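Novice: return a 3D structure for these sequence lines:
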Amino acid sequence: MQSSLRKKLSPYKYVLIMLPGLIVWFVLAIWPHLQVFPMAFYKWNGFSSNKVFVGWQNFESFYRSSGFMVGLKNTVLYVLFLFVVQTVLSVVLAVVLKRNTRLNRFFRTFFFLPLVFSSVMVGLTWGYMFDPNLGMLNQIFGALGIKSLESFNWLGEPVRAIFCIVMVHIWANIGYPLTILTAALQTIPDDLYEVSEIEGATSMQQFRKVTLPLITPALLRITLLTVITGAMAFDYIIILGSSVGTANEFDTWAVKIYQGLLGPNLGVPAAIGVFLGAVLFIIFLIQFVFTKKAEDAIH
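Specialist: Next comes the predicted model:
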């Protein structure tokens, strides 16, 4: 009797062990995020007891503002550049560094190392490097005799500035997708490559027919994180944009949320956050469907 009862309760003991941590996580992380939804429908400065219900007015004021289209364009460009460049680069590096040799371990550590630096430190450092007068990049090009880039303003044009900021983002964060993809590659049995090699497959054919299908689930999860981090990025944009005094020209929606927190009405940044969250949730649902199909295809 006791043995039967113990077997029935055994799956729930893990839930009981995790329950205190889940409660703390919900109170400190989930519950504050959920407060954004009702706040989006109020006009409130965050301190006074006077909260005025304004309905959809916060959403409408953001939609009619000039920052809506500018933020939309810059957010799409930021996410697109980050998605394409980081995905391709992380896959290439993971394939090159797949073998567990001493040199490959060194390069994995080398690419992972920038993750330990704060975004403020990274942004300030690259801000000095992008400086058109004293920046290291322009000095290097000048030393190489490329006079056209000796005083080039890297952050002087919005689209080019976004691309440069994305490259800084990738430099600082490429270690994470590289680690995940390297782990995914090491789960692929060597027998599959040996069989395909016997059948005369080239390296590119092995990549397309063996490697890429088997790492697709991990790749899809990484691309989702890439899209989310790109859409929510604001630290590098604010730091590097402030260094040239033209931050408003390449502000994203995430930057608008940050700027709104400094304003008199917290309902507007809350409304932007709700709108951005809804878009990301739709992307998550699409990605979930594709990931499930990829996993079913493997099994």
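Novice: for the residue most central in space within the chain, helix, strand, or coil?
Specialist: Among the residues of the chain, Thr229 comes closest to the average C-alpha position under Cα atoms, centre = their mean, at 2.3 Å. At Thr229 the chain is in helix, as set by DSSP: H, G, I helix; E, B strand; the rest coil.
Novice: wait, it sits on Ile170?
Specialist: No: between Thr229 and Ile170 there is no contact under Cβ atoms under 8 Å: 10.7 Å. Placement of C-beta: from N, CA and C, glycine included.
Novice: which intervals of this protein have sub-threshold pLDDT?
Specialist: 1-12, 242-248, 298-299 (pLDDT under 70).
Novice: excluding sequence neighbours, find me the nearest residue to Leu220.
Specialist: What sits nearest to Leu220 in space, not counting adjacent residues and going by Cβ to Cβ, 6 or more residues apart in numbering, is Thr291, at 4.6 Å.
Novice: return the distance of that neighbour relative to Val24.
Specialist: Note on Thr291: its distance to Val24, by Cβ to Cβ, to the nearest Å, is 29 Å.
Novice: settle it for me: which of those two has more neighbours?
Specialist: Each of Thr291 and Val24 has its neighbours counted (other Cβ atoms under 10 Å); Thr291 has more, 18 against 10.
Novice: any idea how far that one lies from Gly67?
Specialist: Distance from Thr291 to Gly67, by Cβ to Cβ: 33 Å.
Novice: try Ser119
Specialist: Applying Cβ to Cβ to Ser119 and Gly67 gives a distance of 22 Å.
Novice: touching both of Thr229 and Ile170, which residues are there?
Specialist: Residues touching both Thr229 and Ile170 (Cβ atoms under 8 Å, 6 or more residues apart in numbering): Leu82.
Novice: may I have the phi/psi pair for the residue nearest to Leu220?
Specialist: Dihedral angles of Thr291 (phi, psi; degrees, to the nearest 10) stand at phi -60, psi -40.
Novice: pretty sure it is touching Ile222, no?
Specialist: No: between Thr291 and Ile222 there is no contact under Cβ under 8 Å: 10.8 Å.
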